[in-house]
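Q: sequence and predicted structure, then a few things I'm wondering about:
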Amino acid sequence: MSAVDFGAFVAELASESGRAILPFFRAHHAMEDKSAGGVFDPVTEADRAGENIMRHLIKRSFPAHGVLGEEFGNDNTDAEYVWVLDPIDGTRAFISGIPVWGTLIGLTRAGTPVYGMMHQPFTGERYSGDGREARYDGPGGARKLRTRQAAGLASATLMTTSPALFKGDEAAAYARVESQVRLARYGCDCYAYCMLAAGHVDLVIESGLKPYDIVALIPIIEGAGGIVTSWEGGSAAGGGRVIAAASKPLHEAALALLAGQG
């Protein structure tokens, strides 16, 4: 089965997880802090409900597949196909009632991301891709996604979840890039990457990501013509320090600044 053949199943995962999650949005519900006294890291009943239903459907439909999820850990991750799930990417926005969160559903084959979807059930938006093409489905109608081609850093829009992600040398490296762009905006988590794929944002730079934060987004951005790598230019599938760019020249220019070469 090719990656694209999983599209209908991913759509089912999105629909069912959305039905499980939405009743908790802008409602009173239990929340825990996973940080054990560190940086606030919330998890809600909605996170667990969304991941539970996706795991159930995967196990029922593809029992030989593995699953890597934010809330319930790893299962059979040595399998050829592994699902990488984040039921609510942007939990801080979710608990604040702000609709810039989404459900991330990624699929890897032999460790390589081959299909991904970001679903925002409150707004009814879906961004999906298989590395060769990407599409949007939602308000305004369906369309293919394409990144825009900024002339250079001076005309680019940069996003990150928060400058507080970066410490020490990383903070200085990020600041070198931000100082060169036209506009920098903070927040949005997975939405920032989808806005890059849709042609509204040119760069996203982050650190400290987990695989479930980025795997689903890689095939979307690459399918729209963008580039996603580590800060060293390698695979971003393992998380860590990640840069996404709308074009190769922009990617190269930002990488050079991150490395202190600009």
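A: Perfect, I can see it now. Numbering: from 1, shown residues only.
Q: doesn't Val100 fall inside a strand?
A: No: counting by DSSP: H, G, I helix; E, B strand; the rest coil, Val100 is not part of a strand but coil.
Q: tally of neighbours for it?
A: Number of residues near Val100 (other C-beta atoms under 10 Å) recorded here: 20. C-betas here are computed from N, CA, C, even on glycine.
Q: what does Arg109 give?
A: Using other C-beta under 10 Å: Arg109 sits among 16 other residues.
Q: report the beta-bridge partners for it.
A: Tyr81, Thr112 (DSSP bridges).
Q: in the stretch 151-262 of the chain, where is pLDDT below threshold?
A: Applying pLDDT under 70 to the stretch 151-262 of the chain flags the ranges 262.
Q: end to end, how far does stretch 198-209 reach?
A: 22 Å (C-alpha to C-alpha, to the nearest Å).
Q: would you agree Pro121 is in contact with Trp101?
A: No: using C-beta atoms under 8 Å, Pro121 is not in contact with Trp101; the gap is 9.8 Å.
Q: tell me which of those two has more neighbours.
A: A count of neighbours by other C-beta under 10 Å puts Trp101 above the other of Pro121 and Trp101, at 28 against 21.
Q: in space, what's closest to that one - neighbours in sequence excluded?
A: Leaving aside its sequence neighbours, Trp101 sits nearest to Gly90 (C-beta to C-beta, 6 or more residues apart in numbering; 3.1 Å).
Q: for Asn74, same thing?
A: Per C-beta to C-beta, 6+ apart, closest to Asn74 is Leu68, 5.1 Å.
Q: likewise Ser155?
A: Among residues not flanking Ser155 along the chain, Arg182 sits closest, at 5.4 Å (C-beta to C-beta, 6+ apart).
Q: go on, Val215?
A: Gly106 (3.6 Å).
Q: re the thing from before, neighbours of the residue nearest to Ser155, how many?
A: 13.
Q: what segments of the stretch 101-250 of the chain are helices?
A: Secondary structure of the stretch 101-250 of the chain by DSSP state H, counting those that start in this stretch: the helices cover 169-178, 190-197, 211-214, 217-223, 248-258.
Q: among those helices, which is nearest Asp86?
A: Among these, the nearest to Asp86 by C-beta to C-beta is helix 211-214 (4.2 Å).
Q: wait, which of the helices of the stretch 101-250 of the chain is closest to Thr161?
A: Closest to Thr161 of the helices of the stretch 101-250 of the chain is helix 190-197 (C-beta to C-beta; 7.4 Å).
Q: list the residues that contact the residue nearest to Val215.
A: Listed by C-beta atoms under 8 Å, 6 or more residues apart in numbering, the contact partners of Gly106 are 83-85, 113, 115-116, 212, 215-219.
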